[in-house]
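1. all I have is the shape, not the residue letters:
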Ligand code: PMP
Ligand code: GLN
């Protein structure tokens with residue numbers, strides 16, 4: 001069989017979680033909490049199932065959920081979004097990203113992305129017939145070089161993909177970064193896709209700055225988020241994208257034949273959660289900051305160098321003082337011999353990544369983090 005994606009293997013998250021399970025390692029690789037989301041949300045899910053809300057939801061999402069998302073966006077970003085024409089509920093952020101890219105990237109188009117970057121963007125661009133161009137982000141602050149960015153723009157550039165708070169580097173963009181992006185593309189017909197799934201997991205004093213707060217970028221941009229992160233329920237796979245009506249029309253053309261619609265009772269339960277417990281997302285920064293600081297503290301005596309973590313539930317560890325292995329081999333060694341699974345950073349890059357960095361997830365119970373830190377401190 002001639003593959004459409006001949007160089008693409010299995011995603012690193014599947015590979016590392018499977019290895020962790022096989023050898024019984026503590027799994028800090030794939031990003032998911034080892035605790036459950038709010039009791040109230042779980043009760044509402046059961047309630048709606050029992051009430052018989054078990055048939056297809058409307059294609060673009062249940063109106064009550066789109067309304068609640070719109071209110072949340074207004075509350076958090078002081079931005080008005082029309083639930084009818086600008087919000088589409090998707091099967092996780094993954095489906096939103098794929099639908100957006102498939103709808104907007106045409107054969108021959110170029111897409112600019114900042115790397116390391118989350119692994120689902122590039123295959124979608126390639127399937128759409130587009131070409132990825134990368135701006136390299138370098139440690140420890142991973143902030144973009146805007147002249148490098150501008151040098152990548154051509155008359156084929158169709159889309160820029162950004163992600164803040166950023167997976168895997170845990171860096172966070174400020175308003176000035178969005179301003180710089182706008183300056184670079186203002187006079188060009190370039191669209192912007194902003195992956196904001198960790199919007200509520202931001203430790204910066206300034207908080208998360210959303211594309212939806214920037215009027216000019218908002219007019220030609222798409223913001224994507226996921227309830228999996230916000231409610232500690234990654235398995236529910238409910239997300240959404242926000243885009244101006246003309247873009248939403250195009251995105252829904254793909255969404256309607258990719259999944260048609262999203263799990264009905266989950267949408268109803270999430271709408272209840274957003275309406276009844278709006279304070280949940282404001283509590284998330286301190287909730288995760290506590291875990292981050294607990295883990296950082298537990299790693300104090302280790303030989304890893306810890307990089308700054310401004311957002312997300314990931315922390316980067318530099319192992320240069322421990323080993324000269326490449327990061328993929330080091331993660332396999334760490335999983336099989338030390339009993340802790342992590343993600344090598346080079347897999348998020350197309351070109352060689354000349355650093356000794358691994359990503360660990362701290363969305364875990366303290367006991368898990370303590371046990372993992374004890375093992376990591378042996379090295
Ligand atoms: N974007 C980023 C940056 C992510 O880290 C993730 C995953 N966890 C996703 C998108 C996908 O989100 P979902 O699980 O809702 O599909
Ligand atoms: N986003 C999660 C991570 O970065 C994993 C999602 C997945 O497994 N596809 O670890």
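-> Cool, the structure landed. Source: prediction; values computed, not measured. Ligands and ions are numbered 1, 2, ... in the order given.
2. for the stretch 1-150 of the chain, what lies in contact range of ligand 1?
-> Residues of the stretch 1-150 of the chain lying close to ligand 1 by CB under 6 Å from any ligand atom are 31, 92-94, 118. For the C-beta atoms, the positions are set from N, CA and C on the backbone; glycine is no exception.
3. could you dump these to a markdown table with pLDDT, secondary structure and neighbour count?
-> Listed next are these as a markdown table, based on pLDDT from 0 to 100; DSSP: H, G, I helix; E, B strand; the rest coil; neighbours: other CB atoms under 10 Å:
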| residue | pLDDT | secondary structure | neighbour count |
| --- | --- | --- | --- |
| 31 | 97 | coil | 22 |
| 92 | 98 | helix | 22 |
| 93 | 98 | helix | 24 |
| 94 | 98 | helix | 18 |
| 118 | 97 | coil | 19 |
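4. interface residues of the stretch 201-350 of the chain facing ligand 1?
-> So the stretch 201-350 of the chain meets ligand 1 at 226, 228, 234, 237, 239 (CB under 6 Å from any ligand atom).
5. contact partners for the nearest residue to residue 70 once chain neighbours are set aside?
-> Leaving aside its sequence neighbours, residue 70 sits nearest to residue 83 (CB to CB, 6 or more residues apart in numbering; 4.2 Å). By CB atoms under 8 Å, 6 or more residues apart in numbering, the contact list for residue 83 reads 63, 66-67, 69-70.
6. and the pLDDT at the residue of the stretch 251-379 of the chain found nearest ligand 1?
-> For the stretch 251-379 of the chain and ligand 1, the shortest gap (CB to the nearest ligand atom) falls at residue 312, measuring 7.4 Å. pLDDT for residue 312: 98.
7. and it, how many neighbours?
-> Close neighbours of residue 312, defined as other CB atoms under 10 Å, add up to 29.
8. next: residue 202.
-> 22.
9. for residue 343, same thing?
-> Neighbours around residue 343, by other CB under 10 Å: 29.
10. so it bridges to which residues?
-> Residues in a beta bridge with residue 343, per DSSP bridges, are residue 359.
11. show me what contacts it?
-> Counting by CB under 8 Å, 6+ apart, residue 343 touches 12-13, 16, 29-30, 168, 331, 358-360.
12. only the buried subset of the residues you listed, as a ChimeraX command please.
-> Of these, the buried ones can be selected in ChimeraX as follows, counting by 16 or more other CB atoms under 10 Å:
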select :12,16,29,30,168,331,358,359,360
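13. any idea which of the contacts of residue 343 is closest to residue 289?
-> residue 360 (15.9 Å; CB to CB).
14. wait, what's in contact with the nearest residue to the closest one once chain neighbours are set aside?
-> Among residues not flanking residue 360 along the chain, residue 28 sits closest, at 4.1 Å (CB to CB, 6+ apart). Residue 28 makes contacts with 340-342, 360-362, 364, 372, as judged by CB under 8 Å, 6+ apart.
15. ok, residue 119 next?
-> When contacts are counted by CB under 8 Å, 6+ apart, residue 119 touches 11-13, 347-348.
16. so it belongs to a strand, correct?
-> No - counting by DSSP: H, G, I helix; E, B strand; the rest coil, residue 119 is not part of a strand but coil.
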